[in-house]
Structure formats: structure tokens, C-alpha cells
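Student: what follows is a predicted structure for the sequence shown.
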Amino acid sequence: MLQSMTGFAARRAEGAGHDWTWEIRGVNAKGLDLRLRLPDWIDGLEPPLRAAVQARVARGSVQVGLRISAGAGEGTLHLDEVAMAAALDALARVEAEALGRGMTLAPSRAADIVTLRGVMTAEAPQADHAALRDALVADFARALDAFCAMRADEGARLHAVLLAQLDEIAALTEEAAQSAGARDAGLRDRLCTQIARITDNADIAGDGLSTGRLEQELALLAVKADVTEELDRLRAHVAAARDLLADDAPVGRKLDFLCQEFMREANTLCSKSNDAALTRAGLALKTVIEQFREQVQNVE
């Protein structure tokens, strides 16, 4: 199944005396760029998470973030006496300054003091970090499932879009083949007329330009304008792209390479055209190929 490189998942859970939130984000990248933002006080957490992602994601820029806090009722509050003394001294100076200016302030309450920053601090409980790590690793698998499911859903939509664009490329290739056939028939008639006109001109014939030489030169021009090889390669690239889209393995890089080959043949087709209808088909091919390439940039 085709996978997109873009995805997002968020999950909240709790266990081992803590609450936590996972966030996994994925965007396009040439390879796998995995970045984890984890609390550094939980030993041994990163390796299993990294291995889990690498086992299921082959390509993309993936960011994993974890926010964790002590659960409700966990930990104790601690009165920082130094901070409290500093706060009281500051309040005393404020009240004295206000009194000196003839201002009367409302009396301060203890509840007001303890809410000042730094006066009361929460002490983290002495958690079993091994148990917490195991709980986090187990829960991360669920967050990763959600992330991969979103990538798969996006991949299914990409699959439908890419198939439709390949159908359009195939149709335009056949349109170009028909235009090339009509052009070649007209070209043969024009060449025959030109040969007859030149050979009937006594002055040019007297210069030693033989009919056989003229026919060789004009045949060479016809060969240079032939687009059969380009059309055959375009058909082959369409077939190869369809096979890749049916593959379960990551195929984004291969499809990206095929896009380059598609565009090369379309450019050559336009350069050899010398015909309005064939040029229109070639330009339409280039447009759809570019749209196909843009979508391929999202494929894993």
C-alpha cells in the first residue's frame, strides 16, 4: 500500500504516577530524518522509540515530542523560606514607600504570599523510572499506530490521484502518436513535392545536385523528426509507474526518478515536433508530468 510522508498523531495517557502527551509529526524529506524531544531524566527511553519508528517508517522528516508531568495527587508542596523572606522584604518596602506617600494599601494575606512565584514549589515524587519508561514505550506504540494510519489514508488518496494522472499521461501519449502520424503523412507529401520542384529546376540540377542526394538529405530530416522512440519510452514509463504503484514497498524515490525520465521524453518530443498539434500534445504532457512529480514528492 502506498504511504504518504505527511502525517500527524497526538495521544494523551497516564500511568506510573504520571500524565503524558505524545505528538508525532511527519513531512517530506529525501531520507528518514528522525528527531525526538524527550525528557532527559528518563533513562533508556530514546532507543526503543527510535527503533519503533525506524521499523515502520522508511522515509520522511519525523518529529516525536513527549510532554510529561506528575499525575494528580502526586508529589508534595515545599515552602522555600529564602524566597518567602525575599517576598516579605519586598512587600515591606512597598508598604513603607506607599505609607510615606500618604497611600494606604490593603493588608496582605498569607494566601497572596504563597502564590508568588518561587515561594511554593512542587517536589516531584520519587517515581519508578523503569516502570514509567515501560509504560511510555507501550503507549508510544499506540501513538505510532495512529500516525501510520494517517500516512496510509493519505497514501490511499495519493494513489488514486497518481493513477488518474498516469491515465492522462497515457492518453496524451496516444494523442501525440496520432498527431505525429498525421504530421508524418503531410511531411512525406511536402518532401515529395519539394524534391520534384528542385529536380525540375534545370539551373539547380545543372549544379550537380542529384535526385538521389536530395532524397537522402530529406530522408535524414524525416529520421531526425521521428518521435517513435520517445513515444515508446513514454508508454514504457507509464507501465513502470503503474507497477511501482502496485508495489507494497516504499517507491517514492523510484517514482521521482521516473518523473525525470517522463519529462526528458516530453521535452524531446516538443523539440522534434515541428507541428502545432504535436506541440500542443507535448506541452500538455509536460504539464501533467509536472503535476505528477509534485504529488510524488509526498510518497514515501
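Tutor: Yep, it's here.

Student: which residues touch the residue nearest to residue 146 when sequence neighbours are not counted?
Tutor: With sequence-adjacent residues excluded and distances taken as CB to CB, 6 or more residues apart in numbering, residue 146 is closest to residue 9, at 3.9 Å. The C-beta positions use only the backbone N, C-alpha and C, and glycine is treated the same way. By CB atoms under 8 Å, 6 or more residues apart in numbering, the contact list for residue 9 reads 22, 23, 24, 143, 144, 146, 147, 150.

Student: turn those residues into JSON lines, columns for secondary structure and pLDDT.
Tutor: Shown next, in JSON lines, are the contacts of residue 9 (DSSP: H, G, I helix; E, B strand; the rest coil; pLDDT from 0 to 100):
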{"residue": "22", "secondary structure": "strand", "pLDDT": "98"}
{"residue": "23", "secondary structure": "strand", "pLDDT": "98"}
{"residue": "24", "secondary structure": "strand", "pLDDT": "98"}
{"residue": "143", "secondary structure": "helix", "pLDDT": "98"}
{"residue": "144", "secondary structure": "helix", "pLDDT": "98"}
{"residue": "146", "secondary structure": "helix", "pLDDT": "98"}
{"residue": "147", "secondary structure": "helix", "pLDDT": "98"}
{"residue": "150", "secondary structure": "helix", "pLDDT": "97"}
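
Student: give the helix, strand or coil label for residue 13.
Tutor: Assigned state for residue 13: strand (three-state reduction, DSSP: H, G, I helix; E, B strand; the rest coil).

Student: give the burial count for the closest residue in space to it that isn't next to it in sequence, as a bare number.
Tutor: Nearest residue to residue 13 in three dimensions, chain neighbours excluded: residue 139, at 4.8 Å (CB to CB, 6+ apart). Number of residues near residue 139 (other CB atoms under 10 Å) recorded here: 18.

Student: go ahead and confirm residue 139 touches residue 15.
Tutor: Yes - using CB atoms under 8 Å, residue 139 is in contact with residue 15, at 7.2 Å.

Student: shared neighbours of the two, anything?
Tutor: Contacts common to residue 139 and residue 15, judged by CB under 8 Å, 6+ apart, are absent.

Student: now do stretch 229-237: distance to the chain's middle.
Tutor: Centroid separation for stretch 229-237 versus its chain: 28 Å, with CA atoms, centre = their mean, to the nearest Å.

Student: dump it to PDB, keeping only the CA atoms.
Tutor: In PDB, the C-alpha atoms belonging to stretch 229-237 read as follows (Å, rounded to 0.1, in the frame of the first residue of the first chain):
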ATOM      1  CA  GLU A 229      11.300   6.200 -29.800                       C
ATOM      2  CA  GLU A 230      10.100   8.900 -27.500                       C
ATOM      3  CA  LEU A 231       6.500   7.700 -27.600                       C
ATOM      4  CA  ASP A 232       7.600   4.100 -26.900                       C
ATOM      5  CA  ARG A 233       9.600   5.200 -23.900                       C
ATOM      6  CA  LEU A 234       6.700   7.200 -22.600                       C
ATOM      7  CA  ARG A 235       4.500   4.100 -22.800                       C
ATOM      8  CA  ALA A 236       7.100   2.100 -21.100                       C
ATOM      9  CA  HIS A 237       7.400   4.700 -18.300                       C
END
